[in-house]
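**Q** Got a predicted structure here, sequence first:
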Amino acid sequence: MKVSDIMTSPVHVMGPDEPVSHARNLMLRHKISTIVVVENDKMVGIVTKSDLGRRLAQAEPMWRRRPIDKVPVKMIMTEEPVTIYPEASVSQATALMVDNDINNIPVVNKDSLLGIITRVDVVRCMSELPTDKKVGEIMTNDPVFVHRHHTVNHVVDEMESNNVSKLIVTDDSGEAVGIITTRELALHVLANNQGELPSKNIKMARKPQAGGEKVYRYVKAVPLVAEDMMAEIASILDINDPITEAAKVMIDKNVTGIPIAENDEIVGIVSRTDVMKAA
């Protein structure tokens, strides 16, 4: 199968001096993960949801506390991205993505941008291929957990210190209730127009006197916590489920990671990269 058979076309583009907020809005509006950056009809870079989220895992990146409508996309885009030609095989595209740790490859013919091939395209293709491999053979062991009330900063620190892009969120009983990936960070953890990190308002209660009834007195702004940004866990697979089942869940539920359980205990997580490497 060729790249041209599964690539996405046309591609959404924007200029290098347009703001990060525009890239984010395009991603949300069109449910896409990549924008190609074009200047004078020439591709100069790409920006992805992962680019947005990955910057948050850096120690105080200079743009993190700036309004996202003031930060040009050229500050976070990937310049001179890896490209591929339309006649290349899907396996060649997969190898390029895995070897270069990228999620998307623009498809070009000479200087013309024809489309883009993504990990979603590859995983969709793999979901239709028979295999005897089980998810337990390819999963990442010992996933990182955070509590649903952990702050955004704690989530980012955990990702950075453990060098992971996916965390599982638990409740007070230790049960998995959600998952956070760099995609969720990209869509939630961006400074507002005043350059402040996002927060939420909560009502604070005080008792007017000992034993008295609680009365709401004021509203307080507090940092976002894990449960504010986590995605619902689409499915928890067993270690003996086939890899094709993981691929199908990823496509059907639009998720990038799936918790894997053994004897009803989560022991690993499978990502799109894991599935692709199994090809």
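**A** Cool, got the structure.
**Q** contacts, neighbours, all on C-alpha from now
**A** Will do.
**Q** Give the closest residue to residue 84 in space, chain neighbours not counted.
**A** residue 107 (5.1 Å; C-alpha to C-alpha, 6 or more residues apart in numbering).
**Q** Just the strands from the stretch 101-250 of the chain, written as ranges.
**A** 104-109, 112-118, 140-141, 145-147, 166-170, 176-181, 199-206, 215-223, 237-238 (DSSP state E, counting those that start in this stretch).
**Q** which stretch in those has the least confidence?
**A** Ranked by mean pLDDT, those bottom out at strand 199-206, with a mean of 57.
**Q** dump the residue contacts of the closest residue to residue 14 other than its chain neighbours.
**A** Once flanking residues are discounted, residue 14 sits nearest to residue 37: 5.1 Å by C-alpha to C-alpha, 6+ apart. Contact partners of residue 37, counting by C-alpha atoms under 8 Å, 6 or more residues apart in numbering, are 13-16, 43-47, 77.
**Q** Can you flag which of the residues you listed belong to strands?
**A** 13-14, 43-47 (DSSP state E).
**Q** center of this protein - which residue?
**A** Closest to where the C-alpha atoms of the chain average out (C-alpha atoms, centre = their mean) is residue 183, at 2.2 Å.
**Q** What's the local residue count around residue 274?
**A** Close neighbours of residue 274, defined as other C-alpha atoms under 10 Å, add up to 18.
**Q** which secondary structure element contains it?
**A** In this assignment (DSSP states H and E), residue 274 forms part of helix 272-277.
**Q** Give me the three-state assignment for the residue nearest to residue 14.
**A** strand (DSSP: H, G, I helix; E, B strand; the rest coil).
**Q** ok, what's across the strand from it?
**A** residue 14, residue 45 (DSSP bridges).
**Q** any idea how far residue 17 is from it?
**A** Counting by C-alpha to C-alpha, to the nearest Å, the separation of residue 37 from residue 17 is 9 Å.
**Q** go on, residue 169?
**A** 36 Å.
**Q** Same check on residue 164?
**A** For residue 164 relative to residue 17 (C-alpha to C-alpha), the value is 31 Å.
**Q** swap in residue 78?
**A** Where residue 17 is concerned, residue 78 sits at a distance of 14 Å (C-alpha to C-alpha).
**Q** higher neighbour count, those two?
**A** A count of neighbours by other C-alpha under 10 Å puts residue 78 above the other of residue 78 and residue 17, at 17 against 14.
**Q** surely that one meets residue 49?
**A** No. Under the criterion of C-alpha atoms under 8 Å, residue 78 makes no contact with residue 49, lying 11.7 Å away.
**Q** Among the contacts of residue 37, show me the least confident.
**A** residue 77 (88).
**Q** Give me the neighbour count for that residue.
**A** 21.
**Q** Repeat that for residue 239.
**A** Residue 239 has 22 nearby residues by other C-alpha under 10 Å.
**Q** If we ignore the residues flanking it in sequence, what's nearest residue 9?
**A** Closest to residue 9 by C-alpha to C-alpha, 6+ apart is residue 115, at 4.5 Å.
**Q** That neighbour: neighbour count?
**A** Using other C-alpha under 10 Å: residue 115 sits among 22 other residues.
**Q** when you give positions from now on, start the count at 232
**A** In the new numbering, first residue 232, that becomes residue 346.
**Q** Spit out the contact partners of it.
**A** Residue 346 neighbours (C-alpha under 8 Å, 6+ apart): 238-242, 337-339.
**Q** Then residue 462?
**A** 409-411, 415.
**Q** again, but for residue 470
**A** 365-368, 491-493 are the contacts of residue 470 under C-alpha under 8 Å, 6+ apart.
**Q** re earlier: between the contacts of residue 346, which has the most around it?
**A** residue 338 (26 neighbours).
**Q** Show the residue spans covered by the helices in the stretch 282-431 of the chain.
**A** Ranges of helices in the stretch 282-431 of the chain, per DSSP state H, counting those that start in this stretch, are 321-331, 350-357, 366-369, 383-393, 413-419.
**Q** Cheers, nothing more for now.
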